[in-house]
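Show me how the following folds:
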Amino acid sequence: MYFQVFIQAAYLIVLSRALGPVEFGVFSSVAAISIIISTFVGIGCDQLLIRNYVEGKSSVLDGYGTGLGSIASTFPIALLIGFISCSILNVKLEPIYIGMVLISDLLFTKIVFLSSSCYWAINHPVGKIKINLIATSTKMAFLLGAFFLLGDFGVKEWIPLYFISILIGSLVSIGLVISEFGRPKVKFSWMSIKSGVAFCLEISSLAVFKDIDKPLVVKFLGPEIGGIYTAGFRVVDAATTPIRGLLNAVYTKYFKAGDINKEDLVFLKSMYMINIIAAFVIGLGIYLFSPVVENIFGDRYHGIDEIVKAFALFPFFLAVMAVSADGLRLVGLHNGRVLILIVSAAVFPILLSGFLINHDVHYAIWIRYGIQFIACVISIYIISKHFRLNKIR
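Purely as a prediction, here's the structure:
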């Protein structure tokens, strides 16, 4: 996990320094759009694979084959939506380069996630980490190759290399799954599409809430500010990888059959405590580390230290909101969980669009915190009330 954090941090630093804030902002804007839209590709097939295996409804290989079929059938529509979204947000990049980023994230990266889910379903962290490390390491290898061989390069030189590196990662991930589980039968299933809608809405809401601010900052405040803001966020996001590791390690335990009991309450309380402690340590580290960030990224990223410092509370809200959302699933209120995530994701860009026109970029951070705080309070209240109604204290 720590090696993966190192690779992500190194990738961010090298790419941002090579491209500069303007071109990094443009690239990150397209990437953020494609990441959001990619959640609709496959209609939650990776999460559905995990759930169906945990509940004994299908094997990993059957879920993988169905997932590949779902990805193939939904990718063309998502690609079209991606081009339309980039046009609406006025992304300053030629269609050929936008297309390569979209294909990389909508198709190749989605296959990597689906392959990783095969190991996630059977609680085999080594296999999951192996796939993720191969994908990130391949991308990093291409970036370092460009950095040392080409010297100065721009976004138009980087995107084709990005495309090839993600393609290689997806092919390797397929190969690993085949070697471990056997050759899948790719098939399309309307039942799978229907069952995955709830997961799709959930994941897409999370993606919108996490990344919609990047293209909006670029649109309203310009690519340079957008690049600095995105780089600052990515630093903090990479630092929160241990929290995601803690959450992922117990993810399948939230899929519960039957009534809740005292052990569930003890488990949920322990998750709050462990993740909040981890968030406090990480947040403090981010705050203390922030003054040196500008030195690492270079003079062109002036002001990034203030962005990173403002994001010091991000690990806390991430941890509490994630555990609360999983807690709603644990007590059987999955629809309530999805509703809170959808509303949060819908309100965020609306408020951002209103405030960013005439205000500082820091408003994007404080608006995020405000929405997360309200979502956490509502979720914790609902979970507590549900346990009390079942006379569990």
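
Could I get the full set of strands for the stretch 201-350 of the chain?
Counting by DSSP state E, counting those that start in this stretch, the stretch 201-350 of the chain has no strands at all.

Now do the same contact list for the residue nearest to residue 246 when sequence neighbours are not counted.
Nearest residue to residue 246, sequence neighbours excluded (Cβ to Cβ, 6 or more residues apart in numbering): residue 275, at 5.8 Å. To be clear about C-beta, it is placed using only N, CA and C from the backbone, and glycine gets the same treatment. Residue 275 makes contact with 243, 246-247, 319-320, 322-323, according to Cβ atoms under 8 Å, 6 or more residues apart in numbering.

Same check on residue 320?
Here residue 320 is in contact with 272, 275-276, 279, 372, 376 (criterion: Cβ under 8 Å, 6+ apart).

Please compute how far the helix or strand harbouring residue 179 lies from its chain's middle.
In this assignment (DSSP states H and E), residue 179 forms part of helix 155-181. The chain centroid and the centroid of helix 155-181 are separated by 18 Å under Cα atoms, centre = their mean, to the nearest Å.

same thing with stretch 84-103?
Between the mean C-alpha location of stretch 84-103 and the chain-wide mean there is a distance of 20 Å, by Cα atoms, centre = their mean.

Average the pLDDT values over it and round to the nearest integer.
Summarised as a single mean, pLDDT over stretch 84-103 is 92.

With stretch 161-180 instead?
Taken as a whole, stretch 161-180 has a mean pLDDT of 93.

So which residue is smack in the middle of the protein?
In the chain, the residue lying closest to the centroid (Cα atoms, centre = their mean) is residue 207, at 5.9 Å.

correct me, but that one touches residue 36?
Yes: assessed by Cβ atoms under 8 Å, residue 207 is found in contact with residue 36 at 4.6 Å.

Can you pull out the low-pLDDT segments for the stretch 1-150 of the chain?
Across the stretch 1-150 of the chain, the ranges flagged by pLDDT under 70 are 1-4.

pLDDT weak spots in the stretch 151-300 of the chain?
Under the criterion pLDDT under 70, the flagged ranges of the stretch 151-300 of the chain are 188-196, 198, 251-261.

where do the helices sit along it?
Counting by DSSP state H, counting those that start in this stretch, the segments of the stretch 151-300 of the chain that form helices are 155-181, 190-195, 197-211, 213-221, 223-239, 241-249, 262-289, 293-297.

closest to residue 66 out of these?
Between residue 66 and the helices of the stretch 151-300 of the chain, the tightest spacing by Cβ to Cβ is seen for helix 190-195, at 4.9 Å.

show me the contacts for residue 331.
Residues in contact with residue 331, defined by Cβ under 8 Å, 6+ apart, are 260, 264, 383, 386-387.

could I get those residues as JSON lines with distance to residue 162 and neighbour count?
Shown next, in JSON lines, are these (distance: Cβ to Cβ, whole Å; neighbours: other Cβ atoms under 10 Å):
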{"residue": "260", "distance to residue 162": "45", "neighbour count": "17"}
{"residue": "264", "distance to residue 162": "43", "neighbour count": "19"}
{"residue": "383", "distance to residue 162": "41", "neighbour count": "23"}
{"residue": "386", "distance to residue 162": "45", "neighbour count": "18"}
{"residue": "387", "distance to residue 162": "47", "neighbour count": "18"}
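
Can you tell me which of the residues you listed is closest to residue 32?
Of all the contacts of residue 331, residue 32 sits closest to residue 383, with 30.8 Å by Cβ to Cβ.

which residues touch residue 92?
Applying Cβ under 8 Å, 6+ apart, the residues contacting residue 92 are 26, 223.

can you rerun that using 7 Å?
For residue 92, the contacting residues are residue 26, taking Cβ atoms under 7 Å, 6 or more residues apart in numbering as the criterion.
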